[in-house]
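J.: 3D, please:
(one chain, ligands or ions: 2)
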Amino acid sequence: MTQPLAPQESAVLALIRENPFVGQQEIATALGLARSTVAAHIVQLMNKGYILGRGYVLSSEVRAFCIGGAVLDRKYHARTKIVLETSNPVESTRSLGGVARNVAENLARLGSATGFLSIVGDDDGGQALLKYMREIGIDVSQVVTTNERPTAEYAAILDAEGDLVLGIADMNIFDLFQPDHIERAWPHLAASNWVFADCNLPAEALLALIDRCKNASSHLAIDAVSTHKVMRLPKDLNGIDLLFMNIDEANAILGQTHPHTSEGAKQAALALQKAGAGMAVVSAGAQGMAVAGRKTVEFVSAVRAVPVDMTGAGDAMIAATLHRLLEGDEIFDAARTGALAATLTTECNASVHPDLSAELIEANRHRLTN
Ligand SMILES: Nc1ncnc2c1ncn2[C@@H]1O[C@H](COP(=O)(O)OP(=O)(O)O)[C@@H](O)[C@H]1O
Ligand SMILES: O=c1[nH]cc([C@@H]2O[C@H](COP(=O)(O)O)[C@@H](O)[C@H]2O)c(=O)[nH]1
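T.: Numbers count the residues shown, from 1 in each chain. Ligands and ions are numbered 1, 2, ... in the order given. Model (predicted):
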C-alpha cells in the first residue's frame with residue numbers, strides 16, 4: 001500500500017530519481033514551479049515515504065523499523081522447586097532484551113533491513129547494547145542517549161521448566177519518550193514498509209505514532225508487552241494494521257474474559273478487530289495463536305518444542321511474522337513461520353536465538369504440521 005502521488009509530486013520525484021543531489025531551485029526551474037512549491041512537494045514526498053530527507057536518499061530498501069524497549073535482561077533459572085520467602089539456588093544469565101530490541105535483532109538475523117529507535121542511559125550497559133546492535137547491522141542512528149536515567153533492566157525468575165515465576169522491570173527511562181522523538185525519526189519510519197512499536201512507549205507517544213502512520217504508506221504493527229502496558233493503547237484501535245498480544249492482555253484492554261482456549265483466542269482477535277485493528281494475532285502459549293486476517297480468522301497451532309527458556313518466544317514470533325510479510329507472504333503463512341521461530345527460541349537460553357537465520361528456519365520447516 002503506497003500513498004498515491006499528485007502529478008507535480010511525481011514529476012519532482014522523477015527528477016530526484018534521475019539526480020539524487022538535484023537542488024530545489026533546479027527542480028523549480030525545470031518544472032516551471034516556484035521554489036517554495038517544490039519545497040512543499042518534497043515535504044509531502046518525505047511524509048509519504050518516497051524520500052528520506054536532505055540529500056533526497058531514496059527509499060528503495062525493504063525495511064522494518066522498530067520502536068520501544070531496549071533493556072538489559074537478567075535471568076535466574078531455579079534448578080529446584082521455588083520456595084517463597086527464603087533463598088533459592090539459581091543459575092543466572094545476562095543478555096540483551098526489550099521487546100522492540102528483540103524484534104529488531106530477530107528481524108536483522110532473518111535478513112530484513114532494520115532500523116531502531118529507543119532511549120538508553122549514558123552508561124556501560126547502554127553503550128554495549130548499541131555496539132552489539134550496530135555490529136549485527138541494525139541502524140541505531142535514531143537511538144537517544146540520556147544521562148537522566150539508567151538503561152532499562154528486566155529480571156526474570158524462571159522455574160525448573162523455564163516458565164516465568166516473577167518478572168521485575170525498571171523501565172522508568174521510557175517515560176522520557178516524547179511524541180517529538182517520533183517526529184524527529186519520522187523520515188526513517190515513513191520510508192519503512194513496516195513500523196513495529198511496543199507498549200513500553202508512553203500512551204502519548206503511541207497515539208502520536210498511530211496518528212502519524214494513518215496518513216503514511218508504512219504499515220504499523222504493535223505488541224502489548226504486558227497486561228499493565230496494553231492499557232496505554234487508545235480504546236479506538238484504528239490505524240493499527242497488525243496488533244499482537246496474548247489472551248490476558250486482550251482481556252485486559254477489551255474488558256472481557258475470553259478463556260485460554262483456541263476459541264477464546266479467536267474471539268479475542270475478532271474483538272480487537274471490532275475495536276479497529278486491521279489484523280490481530282492473539283497468542284495462547286503452547287497452544288499457538290489465533291490470527292484474524294482481513295477476511296477470516298484461523299488458529300495457527302504452536303510447533304512442538306523441547307523448551308528450556310520461554311523468554312523472547314513471543315518476540316521471535318512477531319519478528320518472523322513481520323519478516324515473512326515483508327517477503328510477500330499473506331498473514332496466515334507468515335504466522336506459521338512465526339510459530340516456528342518462537343519454538344526455536346524456546347529451545348535456547350537466550351532471549352533471541354543467536355543462530356537464527358532464514359536458513360535455520362528453512363532447515364526446521366519440516367517441524368510445521370499445519
Ligand atoms: N511451550 C511452547 N511450545 C511451543 N511454542 C510455544 C510455547 N510457548 C509459546 N510458544 C509459541 O510462542 C508464541 C507466543 O507465546 P505466548 O506465551 O502466548 O506469548 P507471550 O510470551 O507474549 O505471553 C505462541 O503463540 C507459540 O507459537
Ligand atoms: O515491561 C517490560 N517487561 C519486559 C520486557 C522485555 O520482554 C522480554 C521478554 O518477553 P517475554 O517473556 O514475553 O518473551 C525481555 O527481553 C524483557 O526485556 C519489556 O520490554 N518491557
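J.: determine the three-state secondary structure at residue 230.
T.: Here residue 230 takes the helix state, with states given by DSSP: H, G, I helix; E, B strand; the rest coil.
J.: show me what contacts it?
T.: 199, 224, 245, 249, 252-253 (Cβ atoms under 8 Å, 6 or more residues apart in numbering). (Each C-beta comes from the backbone N, C-alpha and C, glycine too.)
J.: can you flag which of those residues belong to helices?
T.: Among the contacts of residue 230, the members found in helices (DSSP state H) are 249, 252-253.
J.: if I look at residue 287, how far off is residue 263?
T.: Distance of residue 287 to residue 263, given as Cβ to Cβ, to the nearest Å: 11 Å.
J.: name the nearest of the ones in helices among the contacts of residue 230 relative to residue 143.
T.: residue 249 (26.3 Å; Cβ to Cβ).
J.: now the phi/psi pair for the residue nearest to that closest one when sequence neighbours are not counted, please.
T.: Counting by Cβ to Cβ, 6 or more residues apart in numbering, residue 224 is the residue found nearest to residue 249 once chain neighbours are left out, at 4.0 Å. Backbone dihedrals for residue 224, given as degrees, to the nearest 10, come out at phi -70, psi -30.
J.: what about residue 224, how many residues nearby?
T.: Number of residues near residue 224 (other Cβ atoms under 10 Å) recorded here: 25.
J.: which one of the ones in helices among the contacts of residue 230 is nearest ligand 2?
T.: Lowest distance from ligand 2 to those (Cβ to the nearest ligand atom) belongs to residue 249, with 10.1 Å.
J.: interface residues of the stretch 101-250 of the chain facing ligand 2?
T.: Residues of the stretch 101-250 of the chain that fall close to ligand 2, judged by Cβ under 6 Å from any ligand atom: 102, 154, 164, 169, 171, 200, 225-226, 229.
J.: tell me the bridge partners for the residue of the stretch 101-250 of the chain found nearest ligand 1.
T.: Of the stretch 101-250 of the chain, the residue with the smallest distance to ligand 1, taken as Cβ to the nearest ligand atom, is residue 246 at 3.8 Å. With DSSP bridges as the criterion, residue 246 is bridged to residue 283.
J.: return the set of buried residues in stretch 325-343.
T.: Of all the residues in stretch 325-343, those buried under the rule 16 or more other Cβ atoms under 10 Å are 325-326, 331, 333-343.
J.: stretch 292-305 too?
T.: Result for stretch 292-305 [16+ other Cβ under 10 Å]: buried residues 292-293, 297-303, 305.
J.: kindly reformat the ones in helices among the contacts of residue 230 as CSV containing pLDDT.
T.: Below are the ones in helices among the contacts of residue 230 laid out as CSV (pLDDT from 0 to 100):
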residue, pLDDT
249, 98
252, 98
253, 98
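J.: pretty sure residue 308 is touching residue 350, no?
T.: No - Residue 308 lies out of contact with residue 350 (Cβ atoms under 8 Å); the separation is 10.1 Å.
J.: quick one, which of these two is more surrounded?
T.: Remark: of residue 308 and residue 350, residue 350 carries more neighbours, 20 against 13, as counted by other Cβ under 10 Å.
J.: I'd like the distance between the more buried one and ligand 2.
T.: Per Cβ to the nearest ligand atom, to the nearest Å, residue 350 is found 10 Å from ligand 2.
J.: hey, where'd the helices end up in this protein?
T.: In the chain, the segments counted as helices under DSSP H are 7-18, 24-31, 35-47, 99-110, 124-135, 179-190, 203-214, 247-254, 262-274, 313-326, 331-346, 358-364.
J.: the first one: how far from the chain's middle?
T.: For helix 7-18, the gap between its own C-alpha mean and the chain's C-alpha mean amounts to 32 Å (Cα atoms, centre = their mean, to the nearest Å).
J.: again, but for the fourth one
T.: When distances are taken as Cα atoms, centre = their mean, helix 99-110 is centred 8 Å away from the chain's centroid.
J.: need the residues that contact that helix.
T.: Outside of helix 99-110, the residues within contact range by Cβ under 8 Å, 6+ apart are 64, 66-71, 96, 114-116, 118, 129, 133, 136-138, 196-198, 200, 223, 225, 312, 314-316, 318-320, 322-323, 341, 351-353, 356-358, 361.
J.: repeat that for 7 Å
T.: Defining contact as Cβ atoms under 7 Å, 6 or more residues apart in numbering, one finds that helix 99-110 is touched by 64, 66-71, 114, 116, 118, 133, 136-138, 196-198, 200, 223, 225, 312, 315-316, 318-320, 322-323, 341, 351-352, 356-358.
J.: can you check the second one too?
T.: Residues from elsewhere that reach helix 24-31 (Cβ under 7 Å, 6+ apart): 11-12, 15, 34-35, 38-39.
J.: which of those scores worst on pLDDT?
T.: Ranked by pLDDT, these bottom out at residue 15, which has 84.
J.: distance check, that one against ligand 1.
T.: Between residue 15 and ligand 1 the distance is 47 Å, computed by Cβ to the nearest ligand atom.
J.: contacts only, for that residue.
T.: Counted by Cβ under 7 Å, 6+ apart, residue 15 has contacts 22, 27, 30.
J.: out of those residues, who has the most neighbours?
T.: Of all those, residue 27 has the most neighbours under the rule other Cβ under 10 Å, reaching 23 neighbours.
J.: give me the number of residues near residue 307?
T.: Residues within reach of residue 307, counting by other Cβ under 10 Å, total 16.
J.: mind listing what the closest residue to it other than its chain neighbours touches?
T.: Nearest non-adjacent residue to residue 307, counting by Cβ to Cβ, 6+ apart: residue 346, 3.8 Å away. For residue 346, the contact set (Cβ under 7 Å, 6+ apart) comprises 305, 307, 309-310, 313.
J.: if anything else comes up later, I'll come back, but that's it for now.
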